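Novice: Need coordinates for the following:
(chains A and B)
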Amino acid sequence: MINVILLACESLEIRITNNNQTIMNKSFVLALTMVFAISCGEKAPDSSAAEISTEGADPSSYDPNRGEGKYDHVELSAVLDGAMATKGEEVSEVKCTSCHKMTDEKLVGPGWKGVTERRKPEWIMNFITNPDPMIDKDPEVQAQLEICLVRMPNQGLMDEDARSILEYMRKVDGVK
Amino acid sequence: MRNKIVSAIVIIALGGALFTACKPKNSGDSIVGDAEKAYVAPGKHDEFYNFVSGGFSGQMSVYGLPSGRLFRVIPVFSVDPEKGWGYSEETKPMLNTSHGFVPWDDLHHTELSQTNGEVDGRWVFGNANNTPRIARIDLKTFKTAEIIELPNSGGNHSSPFITENTEYVVAGTRFSVPADYSNGDVAINTYKENFKGHISFVKVGKEGEMDLAFQIVTPGVNFDLSHAGKGKSHGWFFFSCYNTEQANTLLEVNASQRDKDFIMAVNWKKAEEYIKAGKGKKQSVKYAHNTWDEKTHTAKSIMKTEVLVLDAAALKDICYMIPCPKSPHGCDVDPTGEYIVGSGKLAALIPVFSFDKLMGAIKDKKFDGNYGGINVIKYEAALHGEVQKPGLGPLHTEFDGKGNAYTTFFVSSEVVKWNIETLEVLDRVPTYYSVGHLCIPGGDSKKPFGKYLVAYNKITKDRYLPTGPELAQSAQIFDISGDKMKLVLDFPTIGEPHYAQAAPADLIKNNGQIKFYKIEDNKHPFVTKGEKEAKVVRNGNKVDIYMSSIRSHFAPDNIEGIKLGDEVYFHVTNLEQDWDVPHGFAVKGADNGELLIMPGETATLKWVPKKVGMYPMYCTDFCSALHQEMQGYIRVSPAGSSTPLSWSVGTNYPKAK
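Specialist: Numbers count the residues shown, from 1 in each chain, chains lettered A, B, ... in the order given. Modelled structure (predicted):
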């Protein structure tokens, strides 16, 4: 039993510091770890992941309000940009809605209802364009991962697409 | 100490007793490898990519040097159910030929594209030896992008070698045969009269697209290997040939009669002039040209019907025969373009020809009669010199860019290093065993990277753990940075490696590698861009299923109303947009392969259910923690059943009353 837990911890360390989200069997190990309800403590530095990593690994510099990525501040208008929201709906039907419902019901990932009230716009923009480092660092996203067990994929969104999806999320949340 | 003495004795025995044409008795006495030099730490990248022909596997494998780690096996000429190659509807046209769908071939040689005589990292070519073809693999995707068939040919062996700016990729027929444009239904013993050789010049366009520009018809012989001139000899191509006896049976004896066969020098720039001047004769033939379209993720096959043929005997200044001792095999040109090395399989010396002397001999007409109407150059008039007693069974030569040549010897199982200018033997190392080709990164280009040499061995016998009667072939890496060659590592290979090439890793990993296909750019006629577009369409007994996949479910994943007699096409679109997230697809009972669908790609599996019942389908590529949940059902009802066509995901319809 102890061996299994240790193994899971080691794998988790690799997992957390490795941004390549596709090492899926590790997710399974992560799940195992969760089952054992074990906290693995400090993340070990992992030089082998350095070549893949595009972000700094220091979690202390992480800003949970802004998230991590290229957006520092996203200006929102008081009224909805209807055309942009429609564009966002089109893009999300290709890239997002396989996993997200517009209600608060979880499908693969959480439903979108209320997300623009819970999150700052720059956090949303950063998360949908740069999910990997945020999944590794954001405590709330990590908690979400314990529920969903599937890392949100990077869907290769262009800036304009990401912004229009945000507008569509606002529409879902009732912005007129 | 005792071991060292034994090793020394073995080396001396190998080096000295060249006339004992045998392999070392066992590997216990072999030189110890220098494993440290082959060590590439976990997560670190190799220095070179090594593209190794798969021989009778029909595929091409990609290894790292110096680690010998296998990264990928690229399906080329043989079907590969693992990757759906030749199984998915989209890939089937890639293996189309004038003989119909051909599921297998024998890939002997790889050749990396070049610019100014240097490897440029754009494409790698491979030849099909059985049903003559050339393939081009795109090194941004490591996928076979194009295959062209070669008419008038049998056994495309002296291929796919290229000119220094990849203007042409060539092919030469190993088996001379009656031309496709003549009657092939003739007695075999009319070889001398009816059998012809054809060598092909395939033009390569800016995007790599291949086009059979012209062929040159020659007397019937066996063309074996070839290499382009470079630098001063750019504009010429050199083909080795054997069976100048024109035997059609028991070639082992009958094609080994003459003291000398030939290296045929081809002035392809002259040939181009003749084509421009309209001297090419339009001949009616049939050959397939298959191309892959990255936007539709689909191949198409076109049957072409014409080729221009130049007659080497009639047009006196395109081809010249250089006598070369005893059934030459390798035909290799040094980095300066001055020296042409012929390796007579049965010769006990290596002749080295001089391009300058060859040009002089042609100018001064130093001819020794003709062969089937083609002028034969006087041997001495083109000869730079001979490497005396280098070993037994010389096959192939590569170069280090420092004035040295390295030749493999099949019979005496060794690699011999010699100086091109002085023809003096400098070093020799044993191989385990019976080496065929060798590869130095950039070793047939103007700019070799003379750090490693890889020998590709035909026999491994006792080198690895036994695996029954069939044993792996192997590659052996030598460090050639010093005066003496030093064994670093050996590793088993897939299929039978013949020729291989290697290029600096940076050249390829920075060439604009494709990490996924943009879903926006997907122009597949059956694409499903989002689950809203998922649907099932019946047209008579043909059923098209527009299906999407994303971690971790299919849409639709419940399908009813399929009936016996239906032809079902699963068009699966992978909606992921990230690197390294393929999804797989398999359905029970399919007499077919699986699909392996890259992010943003659409692929189609044809399925004809043969029994009534419930058919599970699932994702075959471990994609997430919930991969094992990525599954669905298809209900197959009897022919004529009234079960309505329906599909869904995430909805449990109430039980019908």
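
Novice: mind checking which helix or strand of the chain has the lowest mean pLDDT?
Specialist: As the question left the chain open, I've gone with chain A. Every helix and strand of chain A was ranked by mean pLDDT, DSSP states H and E. The lowest is helix A:2-17, at a mean of 37.

Novice: Please refer instead to chain B.
Specialist: helix B:2-16 (a mean of 45).

Novice: The nearest residue to residue B:631 once chain neighbours are set aside: how many residues sit nearby?
Specialist: Spatial nearest neighbour of residue B:631, excluding adjacent residues (Cβ to Cβ, 6 or more residues apart in numbering or on different chains): residue B:618 at 4.2 Å. Using the backbone N, CA and C atoms, a C-beta is placed for each residue, glycine as well. If you count neighbours by other Cβ atoms under 10 Å in any protein chain shown, residue B:618 ends up with 18.

Novice: okay but residue B:618 is in contact with residue B:629, surely?
Specialist: No - contact criterion Cβ atoms under 8 Å: residue B:618 and residue B:629 do not qualify, at 9.3 Å.

Novice: any idea where the helices of chain A begin and end?
Specialist: A:2-17, A:24-36, A:82-95, A:115-118, A:121-129, A:131-137, A:139-148, A:159-172 (DSSP state H).

Novice: Please disregard the earlier target; I meant chain B.
Specialist: Using DSSP H, helices in chain B cover B:2-16, B:35-38, B:191-194, B:251-254, B:268-276, B:355-363, B:379-382, B:505-509.

Novice: Touching the second one from outside, list them.
Specialist: Helix B:35-38 is contacted by residues B:66, B:67, B:68, B:477, B:479, B:488, B:489 when judged by Cβ atoms under 8 Å, 6 or more residues apart in numbering or on different chains.

Novice: Now do the buried residues in that helix.
Specialist: Neighbour counts over helix B:35-38 (16 or more other Cβ atoms under 10 Å in any protein chain shown) mark B:37, B:38 as buried.

Novice: got it, and the fifth one?
Specialist: With burial defined by 16+ other Cβ under 10 Å, the residues of helix B:268-276 counted as buried are B:268, B:270, B:271, B:272, B:274, B:275.

Novice: name the helices or strands packed onto that helix?
Specialist: strand B:210-219, strand B:298-311 (3 or more Cβ pairs under 8 Å, 6 or more residues apart in numbering or on different chains; DSSP states H and E).

Novice: which residues does residue B:123 contact?
Specialist: Taking Cβ under 8 Å, 6+ apart as the test, what residue B:123 contacts is B:112, B:113, B:136, B:137, B:138, B:139, B:145, B:166, B:208.

Novice: Actually, residue A:107.
Specialist: A:99, A:100, A:101, B:650.

Novice: pLDDT-wise, what's the bottom of these?
Specialist: Least confident of the contacts of residue A:107 in the model: residue B:650, at 89.

Novice: Tell me the pLDDT of residue B:252.
Specialist: 89.

Novice: that older thread, export the buried residues of helix B:268-276 as TSV, with columns for pLDDT.
Specialist: As requested, the buried residues of helix B:268-276 are exported to TSV (pLDDT from 0 to 100):
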residue	pLDDT
B:268	98
B:270	98
B:271	98
B:272	98
B:274	98
B:275	98
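
Novice: The residue in chain B that chain A sits nearest to: neighbouring residues, count only.
Specialist: Closest approach of chain B to chain A (Cβ to the nearest Cβ) occurs at residue B:43, with a separation of 2.9 Å. The local packing of residue B:43 (other Cβ under 10 Å) involves 13 other residues.

Novice: who's residue B:51 bridged to?
Specialist: Beta-bridge partners recorded for residue B:51 (DSSP bridges): residue B:62, residue B:501.

Novice: doesn't residue B:60 make contact with it?
Specialist: Yes - counting by Cβ under 8 Å, residue B:51 sits close enough to residue B:60 to count as a contact (6.0 Å).

Novice: Touching both of the two, which residues are there?
Specialist: B:110, B:124.

Novice: Could you list which residues are in contact with the spatially most central residue of chain B?
Specialist: In chain B, the residue lying closest to the centroid (Cα atoms, centre = their mean) is residue B:126, at 2.6 Å. For residue B:126, the contact set (Cβ under 8 Å, 6+ apart) comprises B:53, B:60, B:76, B:77, B:107, B:109, B:110, B:111, B:134, B:135, B:137, B:160.

Novice: Repeat that for residue B:513.
Specialist: Contacts of residue B:513 (Cβ under 8 Å, 6+ apart): residue B:140.

Novice: hang on, the earlier thing: just name the most buried of the helices and strands packed on helix B:268-276.
Specialist: Highest mean neighbour count among the helices and strands packed on helix B:268-276 (mean count of other Cβ atoms under 10 Å in any protein chain shown): strand B:210-219, with a mean of 22.

Novice: Parallel or antiparallel, which strands does it pair with?
Specialist: Strand B:210-219 has these strand partners (DSSP bridges): strand B:196-204 (antiparallel), strand B:298-311 (parallel).

Novice: Save these as CSV, and put in mean pLDDT too.
Specialist: Formatted as CSV, the strands paired with strand B:210-219 follow (pLDDT from 0 to 100):
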stretch, mean pLDDT
strand B:196-204, 98
strand B:298-311, 98
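
Novice: As a markdown table, those with distance to residue A:69 would be great.
Specialist: A markdown table is the format used below for these (distance: least, Cβ to Cβ, whole Å):
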| stretch | distance to residue A:69 |
| --- | --- |
| strand B:196-204 | 43 |
| strand B:298-311 | 36 |
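
Novice: Among those strands, which comes closest to residue B:450?
Specialist: Of all those, it is strand B:196-204 that lies closest to residue B:450, at 27.1 Å by Cβ to Cβ.

Novice: and the angle from the closest one to helix B:268-276?
Specialist: In terms of direction (axes from the mean of the first three to the mean of the last three Cα atoms, to 10 degrees), strand B:196-204 departs from helix B:268-276 by 90 degrees.

Novice: For strand B:196-204, buried residues please.
Specialist: For strand B:196-204, by 16+ other Cβ under 10 Å, it's B:196, B:197, B:198, B:199, B:200, B:201, B:202, B:204.

Novice: hang on, the earlier thing: distance to residue B:289 for the helices of chain B - can I get that in TSV?
Specialist: Output for the helices of chain B, formatted as TSV (distance: least, Cβ to Cβ, whole Å):
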stretch	distance to residue B:289
helix B:2-16	48
helix B:35-38	41
helix B:191-194	28
helix B:251-254	32
helix B:268-276	19
helix B:355-363	34
helix B:379-382	37
helix B:505-509	26
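
Novice: So for residue A:106, which of these sits nearest?
Specialist: helix B:505-509 (39.2 Å).

Novice: Please enumerate residues in contact with that closest one?
Specialist: B:45, B:46, B:47, B:48, B:49, B:64, B:119, B:120, B:121, B:139.
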